[in-house]
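[1] fold the following and give me the result.
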Amino acid sequence: MGLLSRLFSREVKSASIIEAVRNFISLGETSLGGHSVTHDTALQVTTVLACVRVLANGVAQVPWKVYRPTADHRGSNPDPDHPLYWVLYRQPNEWQTSFQFRRTLVMHRTLAGNAYAFINRVGGQIKELIPLEPGRVEVEQRADLSLVYWYTGLDGLRQAIPADAIWHLPDLSWNSWKGLPAVKLAREAIGLAMAAERSQVRVQQTGGRVNGLFSVDSTLTDAQYEMLRGWLDKQISAQMAAEAAGGFLLDRKASFSPMQMTSADAQTMETRRWQVEEVCRALGVMPIMVGYAEGNTSYASSEQMFLAHVVHDLAPWYEDIEQSVDVKLIAERGAAFCKFSQNALLRGAIADRFEAYAKALGSGGTKAWMTPNDVRKLEDMNPHDSPEADQLPGPTNTAAAQPAPKEPA
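    Now for the predicted structure:
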């Protein structure tokens with residue numbers, strides 16, 4: 001009996017081999033170029049691998065905790081006593097840390113469009129979150145609009161799991177309950193990246209040599225043709241073994257005509273560079289974050305570049321996961337919530353940060369546009385209780401300099 005069968009008792013049906021692999025095949029399709037694009041083959045494209053790693057590490061590296069609002073609801077504090085606190089913060093299951101668990105979920109959703117985790121409850125409390133491979137899970141919406149999840153285990157058994165036992169993170173969805181797989185939607189862009197890479201590999205394997213046609217001035221007999229064919233094969237094999245280029249000396253006004261384009265003519269390198277941007281667009285990652293800076297918008301500083309990455313690439317992930325946990329995993333509506341501490345990613349150097357806060361509070365004679373409590377919130381600090389902490393400070397250093405007194409006559 002499989003792991004899920006031991007955790008709960010549900011309807012079990014035997015599955016055929018075709019049923020067991022149907023979802024795996026549906027995660028990707030063959031591109032027009034003839035390349036099979038699945039989550040496995042897509043990860044062999046370095047741009048896809050880099051995009052997945054950037055998103056997965058960005059979600060996994062920030063603290064993820066359960067908070068409880070303060071009595072006045074003006075702030076919040078971490079709640080280590082909450083049953084879900086340790087599960088999210090450090091250990092979601094027996095073999096994974098929180099960092100590893102989050103990276104797995106992000107990888108699943110980025111490539112397959114859906115991430116699933118089985119919710120193991122003991123005594124009504126969540127004790128474990130067990131990730132499930134997307135290709136082994138099918139989602140079904142019934143006539144009453146309720147959802148049921150079918151899981152095919154390693155033993156070939158197909159089990160029905162109720163919706164309240166599955167934590168489901170869908171990506172962009174057309175029907176509102178199942179995400180669209182990016183590998184399938186972007187299979188042509190990924191497939192072209194595969195084709196361009198393999199084309200370049202073939203060029204390197206042949207030492208840059210191109211196929212072509214040798215022609216001579218007169219007709220060759222069968223014996224002469226076989227002798228010339230054997231001699232050419234021997235010379236080419238010797239050059240490839242020595243990894244050196246060379247020429248051929250032939251008589252009878254022999255000439256060589258290439259029959260395929262070179263890498264420069266085919267613009268292979270330009271295609272490979274273009275596909276980096278295409279794949280990044282499909283997976284929602286700024287190209288500069290995967291090491292591709294050519295043609296990108298220049299930023300005033302690296303801090304501004306990383307700020308744009310956090311705001312546009314990572315912040316939607318944080319918000320989506322936070323809302324999903326609050327709705328599906330935390331029973332106390334409004335009494336507790338989870339939060340990613342992303343401010344640590346947004347902070348610059350301490351001197352620059354404090355200088356910006358000083359100006360926002362009215363330093364230098366400018367009009368203040370932030371209160372002390374606004375600053376404390378940005379620093380992940382609870383608000384101060386004094387009334388002045390919620391008021392805009394008056395400008396400082398505004399007194400005009402007094403002229404020096406004149407000496408008596």
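[2] rest of the way, CA atoms for contacts and neighbours
    Noted.
[3] for this structure, what spans make up the strands?
    12-14, 29-30, 36-37, 64-69, 76-78, 114-122, 125-132, 137-141, 147-152, 157-162, 166-170, 212-215, 255-258, 337-340 (DSSP state E).
[4] ok, for residue 324, nearest residue in space, not its chain neighbours?
    residue 169 (7.5 Å; Cα to Cα, 6 or more residues apart in numbering).
[5] what sits against that neighbour?
    Shown in contact with residue 169 (Cα atoms under 8 Å, 6 or more residues apart in numbering): 109, 114-116, 321, 324.
[6] what's the answer for residue 338, then?
    By Cα under 8 Å, 6+ apart, the neighbours of residue 338 are 64-67, 322, 325-326.
[7] most surrounded residue in these?
    Counting neighbours by other Cα atoms under 10 Å, the top entry in the contacts of residue 338 is residue 66, with 27 neighbours.
[8] how close does the residue lying closest to that residue once chain neighbours are set aside get to residue 320?
    The shortest distance from residue 66 to any non-neighbouring residue, by Cα to Cα, 6+ apart, is to residue 338 (4.2 Å). Separation of residue 338 from residue 320 (Cα to Cα, to the nearest Å) stands at 11 Å.
[9] re earlier: partners of the residue nearest to residue 324 in the sheet?
    residue 115 (DSSP bridges).
[10] what of residue 137?
    So, taking DSSP bridges as the rule, residue 137 has residue 151 as bridge partners.
[11] what pLDDT does the model give it?
    Note for residue 137: predicted pLDDT of 95.
[12] I'd like the contacts of residue 338 laid out as a markdown table, including pLDDT.
    Output for those, formatted as a markdown table (pLDDT from 0 to 100):
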| residue | pLDDT |
| --- | --- |
| 64 | 93 |
| 65 | 93 |
| 66 | 95 |
| 67 | 93 |
| 322 | 95 |
| 325 | 96 |
| 326 | 94 |
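[13] any chance of those residues in a markdown table, with distance to residue 81 too?
    As requested, these are arranged in a markdown table below (distance: Cα to Cα, whole Å):
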| residue | distance to residue 81 |
| --- | --- |
| 64 | 15 |
| 65 | 11 |
| 66 | 9 |
| 67 | 10 |
| 322 | 19 |
| 325 | 17 |
| 326 | 17 |
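[14] what's the closest of these to residue 382?
    residue 67 (12.2 Å; Cα to Cα).
[15] for the residue nearest to residue 109 when sequence neighbours are not counted, list the residues it contacts.
    Of all residues not flanking residue 109 in the chain, residue 115 sits nearest, at 4.8 Å (Cα to Cα, 6+ apart). Counting by Cα under 8 Å, 6+ apart, residue 115 touches 105-106, 108-109, 131-134, 168-170.
[16] any idea which of the strands of the chain has the lowest pLDDT on average?
    strand 12-14 (a mean of 47).
[17] could you give the average pLDDT over stretch 177-185?
    Stretch 177-185 shows an average pLDDT of 91 in the prediction.
[18] residues contacting it, please?
    With Cα under 8 Å, 6+ apart as the criterion, stretch 177-185 contacts 27-29, 37-39, 42, 109-114, 139, 170-174, 190, 282-283.
[19] also stretch 119-126?
    7, 83-84, 127-130, 164-167, 329.
[20] pretty sure residue 371 sits against residue 358.
    No - at 10.6 Å, residue 371 does not count as touching residue 358 under the criterion of Cα atoms under 8 Å.
[21] of those two, who's got more company?
    residue 371 (19 against 16).
[22] so where is the stretch 1-150 of the chain shaky, pLDDT-wise?
    1-35 (pLDDT under 70).
[23] same thing with the stretch 201-350 of the chain?
    Looking at the stretch 201-350 of the chain by pLDDT under 70, you get 201-214, 235-269, 294-303, 344, 346-350.
[24] thank you kindly, that will do.
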